[in-house]
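Enquirer: only the shape, not the letters, is given here:
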């Protein structure tokens with residue numbers, strides 16, 4: 001569902017080095033590049049879709065040791081306030097993690113129709129609060 005018209009924002013970028021660690025690297029399909037946040041608690045990513053979407057899956061690949069033990073998903077329709085939709089408990093691994101609306105407890109995303117999605121990484125494995133994401137994918141229907 002993430003396309004060229006999807007507006008993306010992140011809480012921070014390591015040393016403000018957008019070229020090397022910017023948000024665009026979560027969506028470029030390369031295993032060599034990543035978004036690397038700066039230090040601090042509660043890093044986040046927002047996605048503003050160009051039209052309403054029905055989200056049914058979330059794919060995320062962290063760098064082991066720089067993942068989040070707790071992720072909160074918030075979403076809303078255009079002109080509305082963000083509302084908490086799901087809580088995810090990803091593993092601290094480098095492998096791709098996929099959540100389905102029907103997945104077992106732990107990494108499950110509630111199926112939702114929205115224009116904006118915010119993913120908050122609330123509990124980083126890193127002592128300094130940094131988050132490293134190699135891939136972020138949102139699947140569903142337009």
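Expert: Thanks, I have it. Because the structure is a prediction, the values reported are computed rather than measured.
Enquirer: which stretches in the chain count as strands?
Expert: Assigned by DSSP state E, the chain shows strands spanning 7-10, 35-36, 43-62, 71-76, 83-88, 97-100, 112-121, 132-141.
Enquirer: which strand residues bridge the residue nearest to the spatial centre of the chain?
Expert: Geometric centre of the chain, nearest residue: residue 119, 4.8 Å, by Cα atoms, centre = their mean. On the basis of DSSP bridges, residue 119 is bridged to residue 45, residue 73.
Enquirer: and the residue located most distally from the centre of the chain, how close does it get to residue 38?
Expert: Centroid-distance maximum for the chain: residue 79 at 21.5 Å, with Cα atoms, centre = their mean. According to Cβ to Cβ, to the nearest Å, residue 79 stands 31 Å off from residue 38. For glycine as for every other residue, the C-beta is placed from the backbone atoms N, C-alpha and C.
Enquirer: again with residue 74
Expert: For residue 74, the distance to residue 38 - Cβ to Cβ - is 22 Å.
Enquirer: do residue 132 as well
Expert: Using Cβ to Cβ, residue 132 is found at 11 Å from residue 38.
Enquirer: those two: which has the busier surroundings?
Expert: Remark: of residue 132 and residue 38, residue 132 carries more neighbours, 22 against 18, as counted by other Cβ atoms under 10 Å.
Enquirer: so what's that one bridging to?
Expert: Residues in beta-bridge contact with residue 132 (DSSP bridges): residue 36.
Enquirer: buried ones in the helix or strand bottoming out on mean pLDDT in the chain?
Expert: Least confident helix or strand of the chain, by mean pLDDT, DSSP states H and E, is strand 97-100 with a mean of 81. For strand 97-100, a neighbour-count test (16 or more other Cβ atoms under 10 Å) marks 97, 99 as buried.
Enquirer: now stretch 113-131
Expert: 114-121, 124-126, 129-131.
Enquirer: then stretch 70-84?
Expert: Buried residues in stretch 70-84, defined by neighbour count with 16+ other Cβ under 10 Å: 71-76.
Enquirer: contacts for that stretch?
Expert: With contacts defined as Cβ atoms under 8 Å, 6 or more residues apart in numbering, stretch 70-84 is touched by 52, 55, 58, 60, 85-90, 109-110, 112-123.
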